[in-house]
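Trainee: Output the structure for:
(chains A and B)
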Amino acid sequence: MKPLLEVRDLRAGFPGPDGPVEILRGVNLDIAAGEKVALVGESGSGKSVTARAVLRLDRDADLGGRVTLDGTDLLTLPERAMRDIRGARIGLVFQDPLASLNPVMTIGWQIMQPLVIRGVRKKEARRRGIDLLERLGVRDAGRRFDDYPHQFSGGMRQRVVIAIAVIAEPALLIADEPTTALDVRVQAQVLTLLRELADERSMSVLLITHDLGIVAGFADRVVVMRHGAPVEEGQVDAIYAEPKHPYTRGLLASVPRIDDDPSRRLTTVDDALDADVPVAGALEGGSR
Amino acid sequence: MTALSVRNLVKSFGGRPVVKDVSFDLAPGEVLGLVGESGSGKSTVARCVARLTRPDSGRVMLGDRDLLSASRRDLRTLRRDIQMVFQDPYSSLNPRMTAGELVEEGLLVHGLEPDRRARAARAAELLETVGLSAADAGRHPRGFSGGQRQRIAIARALAVEPKVLICDEVVSSLDVSVQAQVLNLFRDLRERLGLSILFIAHDLAVVHYLCDRVAVLDQGVLVEIGTREEIYRRPRHPYTRSLLDAVPVPDPAAERARQTTP
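Mentor: Numbering: from 1, shown residues only, chains lettered A, B, ... in the order given. Prediction:
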């Protein structure tokens, strides 16, 4: 079966002081319908740029390669048609819920927008918005629907952002560090909601994160990025049990964990790369 | 004798209590973790202990010296004995100073090394202690990565040979691979220098790796304090348990098992 999202040899260059800087150096990525894929990497690996390139959010980016959603080539689509893809076919959640919300509009108005601009009647949009907020665990959703963003806590705001992203029932949700700004208990709740929502609606998710802990409990498949290209990808169990690329091994070994013996010294990525013995099957790209 | 003793610390901002009657001791050579969610008051405790903020009431003793009733003059030496490292290595270093100057500043201010050459030599030595090179002394902060900047901040704090080091979220803005390097550096420094460290963090796995004892703050109240073993293996307070239950573990099988047993 053809994947829902197909990214082939995606390249992105940005203007720099000494000419264009290549940030993405050939990203390949498939997401099947209903599949949850995590794109992990450290800062500067290009994971967020990949997400933004798929949606063509950076106007100054020079994009190359191919991105198709259900057969539609997104990189050659007119901007007008692209606007319809965003929100309707691909939902988006960013790290900072406060920056993604309009402070002078009620949360209800913002949740209804993706439906209203596509011709759904206000009354119907309101009903669906309240239902969705309730599903996302916002208590008293009907009464709170006309509140403003500042009247919500960080965790509740992120639920509102998720509601805006999924209300038009997109086939794919891109979540870029959606829980990084949240406390650990709220993070667990939000991730559970995202997972349940994805499963209920057979919605595909591309989760972008630096946190290997949350990936383990969320993703079906993992793509590890470094220096603008994937270095390894695989099913979540395989990646954690038998990472093939030394960089992946290094990343996993450098994470402290509460179920570990704390007297064992953490290995760093440099340690792992130094100890690198070439392994068959590991993808090229991160070895530069 | 304790290195640092905090008794009945109370602090409110604009009538809103932020720290409510917090007491704990830090033993010499010990690393005590102070954990809690945002708004728990952990950074305010740190700032009160370092006297960057004045508490409403309570006592902070550094050895046998009372930090809160100290005169301006005594405060100068006390400031030397308590040093602080902050979260953001980008805003806590003066961009116009070189790494060497940043590390030397404390020595100069406290009159510890009046000779310029000896001071530079000491700074070079400190840069090497934290895993940088003496040759880095002439470079400015912008030329360093986030992890390297945090090393400069640590060298700067260590320069005056403090008795107590307060670390407020010092690894939370670093990538995991750099975080591991800095955590290992703290381990080595603590062994070599016998530092007493108050380590404030929201990441329970980081605290588990580094700290001998852990104190848990919830909305300004210290709800539980104990050894690492006690807090992580036998937590008594429901709040501590709920925090630990939410910590993700990089192990798919363990995470799946947890999801099916709410």
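Trainee: Show me where chain A has its strands.
Mentor: Assigned by DSSP state E, chain A shows strands spanning A:5-16, A:19-31, A:36-40, A:62-69, A:72-73, A:90-93, A:172-176, A:204-209, A:221-226, A:229-235.
Trainee: In CSV: those, plus distance to B:D81, mean pLDDT and mean neighbour count.
Mentor: (Glycine included, C-beta is placed from N, CA and C.) Shown next, in CSV, are the strands of chain A (distance: least, Cβ to Cβ, whole Å; pLDDT from 0 to 100; neighbours: other Cβ atoms under 10 Å in any protein chain shown):
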stretch, distance to B:D81, mean pLDDT, mean neighbour count
strand A:5-16, 47, 96, 18
strand A:19-31, 47, 95, 18
strand A:36-40, 42, 98, 25
strand A:62-69, 55, 97, 17
strand A:72-73, 65, 96, 12
strand A:90-93, 46, 95, 24
strand A:172-176, 44, 97, 24
strand A:204-209, 40, 97, 26
strand A:221-226, 43, 98, 25
strand A:229-235, 47, 97, 22
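Trainee: okay, the nearest residue to B:P235 once chain neighbours are set aside: pLDDT?
Mentor: Distances taken as Cβ to Cβ, 6 or more residues apart in numbering or on different chains place B:R241 nearest to B:P235, at 4.9 Å, with adjacent residues excluded. With respect to pLDDT, B:R241 scores 97.
Trainee: so B:R241 is in which element?
Mentor: helix B:238-246 (DSSP states H and E).
Trainee: Dump the C-alpha coordinates for that helix into CSV.
Mentor: Provided in CSV are the C-alpha atoms of helix B:238-246 (Å, rounded to 0.1, in the frame of the first residue of the first chain):
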residue,chain,number,x,y,z
PRO,B,238,1.3,10.5,46.8
TYR,B,239,2.6,13.6,45.0
THR,B,240,6.1,12.0,44.7
ARG,B,241,4.5,8.9,43.4
SER,B,242,2.4,10.8,40.8
LEU,B,243,5.6,12.6,39.6
LEU,B,244,7.6,9.3,39.3
ASP,B,245,4.7,7.6,37.5
ALA,B,246,4.7,10.2,34.8
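Trainee: for the stretch 151-288 of chain A, what spans make up the helices?
Mentor: In the stretch 151-288 of chain A, the helices defined using DSSP state H, counting those that start in this stretch lie at A:154-166, A:184-201, A:212-216, A:236-241, A:246-253, A:269-274.
Trainee: Are the fifth one and chain B in contact anywhere?
Mentor: Yep, that's helix A:246-253 we're talking about. Yes. Residues of helix A:246-253 contacting chain B under Cβ under 8 Å from any Cβ of the partner chain: A:250-252.
Trainee: Show me the contact partners of that helix.
Mentor: Contact with helix A:246-253 is made by A:40, A:42, A:212, A:224, A:226, A:231-232, A:239-240, A:243, A:266-273, A:275-276, A:279, A:282, A:286, B:176-177, B:250, as judged by Cβ atoms under 8 Å, 6 or more residues apart in numbering or on different chains.
Trainee: Mind doing that once more with 7 Å?
Mentor: Applying Cβ atoms under 7 Å, 6 or more residues apart in numbering or on different chains, the contact partners of helix A:246-253 are A:212, A:224, A:226, A:231-232, A:239-240, A:243, A:266-269, A:271-273, A:276, A:286, B:176-177, B:250.
Trainee: Among these, name the buried ones.
Mentor: Among the contacts of helix A:246-253, those classed as buried by 16 or more other Cβ atoms under 10 Å in any protein chain shown are A:212, A:224, A:226, A:231-232, A:239-240, A:243, A:266-269, A:271-273, A:286, B:176-177, B:250.
Trainee: Get me the contact residues on the stretch 51-200 of chain B for chain A.
Mentor: Where the stretch 51-200 of chain B comes near chain A, counting by Cβ under 7 Å from any Cβ of the partner chain, the residues are B:175-177, B:180-181, B:183-184.
Trainee: So which of those residues wins on neighbours?
Mentor: Among those, B:A180 has the most neighbours (other Cβ atoms under 10 Å in any protein chain shown), with 28 neighbours.
Trainee: show me the contacts for that residue.
Mentor: With contact set as Cβ under 7 Å, 6+ apart, B:A180 has these partners: A:254, A:266, A:268.
Trainee: So which of those would count as near chain B as well?
Mentor: Among these, the ones lying near chain B by Cβ under 7 Å from any Cβ are A:254, A:266, A:268.
Trainee: OK, contacts around the second one?
Mentor: Spelled out, it's A:L266. A:253-254, A:256, B:180, B:183-184, B:209.
Trainee: so what's A:L69 bridging to?
Mentor: A:L5, A:T72 (DSSP bridges).
Trainee: gap between the nearest residue to A:R56 once chain neighbours are set aside and chain B?
Mentor: Of all residues not flanking A:R56 in the chain, A:M82 sits nearest, at 5.7 Å (Cβ to Cβ, 6+ apart). From A:M82 across to chain B, the span is 32 Å (Cβ to the nearest Cβ, to the nearest Å).
Trainee: Any regions of the chain where pLDDT drops low?
Mentor: Let's take chain A. For chain A, the stretches with pLDDT under 70 are A:276-288.
Trainee: oops, chain B please
Mentor: B:261-262.
Trainee: could you list every residue that touches the residue sitting nearest the centre point of it?
Mentor: Centroid-nearest residue in chain B, with Cα atoms, centre = their mean: B:C167, separated by 1.2 Å. By Cβ under 7 Å, 6+ apart, the contact set of B:C167 is B:85, B:197, B:199-200.
Trainee: which one of those is nearest A:L194?
Mentor: Nearest to A:L194 out of the contacts of B:C167 is B:I200 (Cβ to Cβ; 29.5 Å).
Trainee: State the helix or strand in which that closest one lies.
Mentor: Per DSSP H and E: strand B:196-201 holds B:I200.
Trainee: Residue 146 - how many residues pack around it?
Mentor: If you meant another chain, say so; for now it's chain A. Residues within reach of A:D146, counting by other Cβ under 10 Å, total 12.
Trainee: sorry, should have said chain B
Mentor: Using other Cβ under 10 Å, B:G146 has 17 neighbouring residues.
Trainee: ok, it to B:N8 distance?
Mentor: Separation of B:G146 from B:N8 (Cβ to Cβ, to the nearest Å): 37 Å.
Trainee: circling back: hmm, which two among the residues of the stretch 51-200 of chain B next to chain A are most spread apart?
Mentor: Pairwise distances across those (Cβ to Cβ) peak at 14.5 Å, for the pair B:D175 and B:N184.
Trainee: hang on, the earlier thing: go through the contacts of B:C167 and name the one nearest B:A123.
Mentor: Once Cβ to Cβ is applied, the member of the contacts of B:C167 that ends up nearest B:A123 is B:V85, at 16.8 Å.
Trainee: How many residues are close by B:L75?
Mentor: For B:L75, the neighbour count with other Cβ under 10 Å is 12.
Trainee: With B:P114 instead?
Mentor: Applying other Cβ under 10 Å, we find 9 residues neighbouring B:P114.
Trainee: now the one 3 residues further on
Mentor: The number of residues packed near B:R117 is 8, by other Cβ under 10 Å.
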